[in-house]
Structure formats: C-alpha cells, structure tokens
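Q: Okay, sequence plus prediction incoming.
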Amino acid sequence: MSDAILDQAAPACVLRTIDGPVCTIHLNRAEARNPLGADTVQALSQAVREASQAPGVRAIVFTAAGTAFSAGGNLGNLQDRLDAPAGRDGRDPIAAGNRRYGDFLTELSRVPQVTMACVQGPAMGGGAGLACAVDIAIGSPLARFGFPEASIGLVPGQILPFVAARLGLQAARRLVLTAERIDAAEAHRIGLLDYLAESPQELMPLVRRVLRSIVATAPQASAATKRLLGGLPVAPLPASEALQGYLDAAADLFARQMRSEAPEGVAAARERRPASWNQAAGLNLGT
C-alpha cells in the first residue's frame, strides 16, 4: 500500500496509519510483548474513535510489533494498583481501570467499518479478547491463544461476552475454565481465527486479499449489515443496558480478585512455581 499517513500525535505505544480505505492500528511495544496497560487502552480507544470518523475509511486493522500480538493486561505494576486510592466516586480504582477495556471493546464493536486483527504471534488474555471482538481475525501459524486469568486468580470479565459471542458458550467455557493455551490450527478449527495463513510469510498477503474483498462491498450496505449483526441475540449486543450492567459487575469482581487471590497467583507465575491453591501435583488419576 502507498501514500500512508502516519498519525504523529499518537502515543508511542500505539501507531495509527491511514492508507486509502484502510486504517491500521499498530501495537508498538514489542519489547514488552505489547501489554494492554491503561496508556495503551486509552490510545487504542482514541485511535479507533478517530479511524471511525475518518472519511473514506472502510476497514480498521490491528497489527502488532515484534513476535507477540499482545501478552494481555499489564500486571507489572500490581502493587501500585493495589495501593491506589479510591476515586472521588468511591469506586475501587482497579474496577474502574478494568472497566475501561470493556468500554474500548464495546466502542470497537459499534464502529461501522469492518474490523480485523492480524495476529502474528501469541495473544493472551485481553489480547485474545481483542482477536475475538473484531469482525474478522486472521492468524499466522505462529499465533497462540489463551485466557490465563483464572490460573493467576483473576477473571476475564470484560472480554468474556466477546469471547462467548465468537466461540459459542461451550468452547468459551473450556478455554477460560482450564486456562488452556491453543495453537493457531486449533484456534482456526473452533472459529477464533477466521483465516489461517499457510506460513508466517503468507500472513500479510492473506490480509490484503481479505481487505480487497471488504472494500469491494457497498459502504452503506456493509455498515447496515454490521448493525443487523450487532442486534442478533447471539451477539454481545453492545448497545444493550444488559451488557453494560454485566461489564460493571465484572469490573467489580475483577477488583475483588485482584485484592484476594491475584497477588499469590502473580507471584507464583513470576517465581515459576505452583500457586498455593494448585492441587494438580497431588491429583491421582490412575494410569
């Protein structure tokens, strides 16, 4: 693609380019595996909002720098988050911060443009949730997916409606309750990936082929079809009060978990040891 316009005002963690009918939103913290901290979520929300209002943009594509698509939420500042004071409304700041990712995914699901994730490597937690929330997910054979929240004492509350809408309730149950990690072939089989490239080198050519199909459709018909899809009972129903109430409650639950089991879970992961609640070693299943 040519004549790309770089949004120089975008924060360093996210870059936005517009090339004709395609806006690319690029996660740009390769050294940290593109974590979804507060600054990144804010930058993503701004980039999506601006892309959705840009004249002539038909598709919004998420890409990422480095070998990982996104490691998910940033828990490197766990103690700072636990020590943060309540806001003026009295709400737990952890809940408020967690809720902002749900706001971003809701906003993303409402845009009239076709949204796409180009997943070149591992996508965990919120990163996998982003792949589930877009209209079309395309992956490299190097992509990996997982929802490890329960294994470290947390809940995937903000992403769960979007995961269940994409995968169906039973497949979502399997992945979030076991914290199992799956490869690209399995992700393609269960519908987390819509397209799977034959090789890492074929990922971007495949993305371009799908984009050509998208921009060949009638703009108003495409946007209207997205509105219809968003109103189906199987969808997350982003405009519904029920979803917003769910996301509020999920953020509060996330905060309670962050203040209870999560410190032990995060410490165990960092120290590469079983968490105190892990009973797998003593589980005798026979031969």
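A: Ah, there it is. Just so we're clear, the structure is a prediction, and the values are computed from it rather than from any experiment. Residues are numbered from 1 along each chain as shown.
Q: Would you mind identifying the next helix or strand past the helix-or-strand element of the chain with minimal mean pLDDT?
A: The weakest-scoring helix or strand in the chain, judged by mean pLDDT, DSSP states H and E, is strand 5-6 (a mean of 44). As assigned by DSSP states H and E, the chain's next helix or strand after strand 5-6 is strand 14-19.
Q: Partner strands of that next one, with direction?
A: strand 5-6 (antiparallel), strand 22-27 (antiparallel) (DSSP bridges).
Q: Contacts only, for Leu167.
A: Cys132, Leu175, Ile190, Gly191, Leu192 (Cβ atoms under 8 Å, 6 or more residues apart in numbering). The way it works is simple: take the backbone N, C-alpha and C, and place the C-beta from them, glycine included.
Q: hmm, try it at 6 Å
A: The contact partners of Leu167, taken as Cβ atoms under 6 Å, 6 or more residues apart in numbering, are Ile190, Gly191.
Q: per-residue confidence for it?
A: As predicted, Leu167 sits at a pLDDT of 95.
Q: Please tell me how far it sits from Ala128.
A: Look at Leu167 and Ala128: by Cβ to Cβ, to the nearest Å, they are 10 Å apart.
Q: any idea how far Ala223 is from the closest residue to Val111 other than its chain neighbours?
A: Nearest residue to Val111, sequence neighbours excluded (Cβ to Cβ, 6 or more residues apart in numbering): Ser52, at 4.1 Å. In this view, Ser52 and Ala223 are 10 Å apart by Cβ to Cβ.
Q: go on, Glu261?
A: 43 Å.
Q: what's the answer for Ile182, then?
A: 33 Å.
Q: okay, these two: which has more neighbours?
A: When neighbours are counted by other Cβ atoms under 10 Å, Ile182 and Ala223 differ, and Ile182 comes out ahead with 19 against 15.
Q: residues contacting the closest residue to the more buried one other than its chain neighbours?
A: Spatial nearest neighbour of Ile182, excluding adjacent residues (Cβ to Cβ, 6+ apart): Phe145 at 5.4 Å. Counting by Cβ under 6 Å, 6+ apart, Phe145 makes contact with Ala123, Ala128, Ile182, Ala187, Leu192.
Q: secondary structure class for the last one?
A: What it means is Leu192. What DSSP: H, G, I helix; E, B strand; the rest coil gives for Leu192 is coil.
Q: And the pLDDT for it?
A: 98.
Q: Please apply the same query to the one 4 residues further on.
A: According to the predicted model, the pLDDT of Leu196 comes to 98.
Q: If it is in a bridge, with which residues?
A: Applying DSSP bridges, one finds that Leu196 bridges with Gly139.
Q: residues touching it, list them.
A: With Cβ under 6 Å, 6+ apart, Leu196 has these contacts: Gly139, Ala184, His188.
Q: just checking, Ile94 touches Arg256?
A: No - counting by Cβ atoms under 6 Å, Ile94 does not reach Arg256; the two are 8.8 Å apart.
Q: between these two, who's got more neighbours?
A: Ile94 (22 against 15).
Q: what about the closest residue in space to that one that isn't next to it in sequence, how many residues close to it?
A: Leaving aside its chain neighbours, Ile94 sits nearest to Ala255 (3.9 Å; criterion: Cβ to Cβ, 6+ apart). Residues lying near Ala255 (other Cβ under 10 Å) number 23.
Q: which element is Ala255 on?
A: helix 241-258.
Q: What residues sit buried inside that helix?
A: Leu243, Gln244, Tyr246, Leu247, Ala250, Ala251, Asp252, Phe254, Ala255, Gln257, Met258 (16 or more other Cβ atoms under 10 Å).
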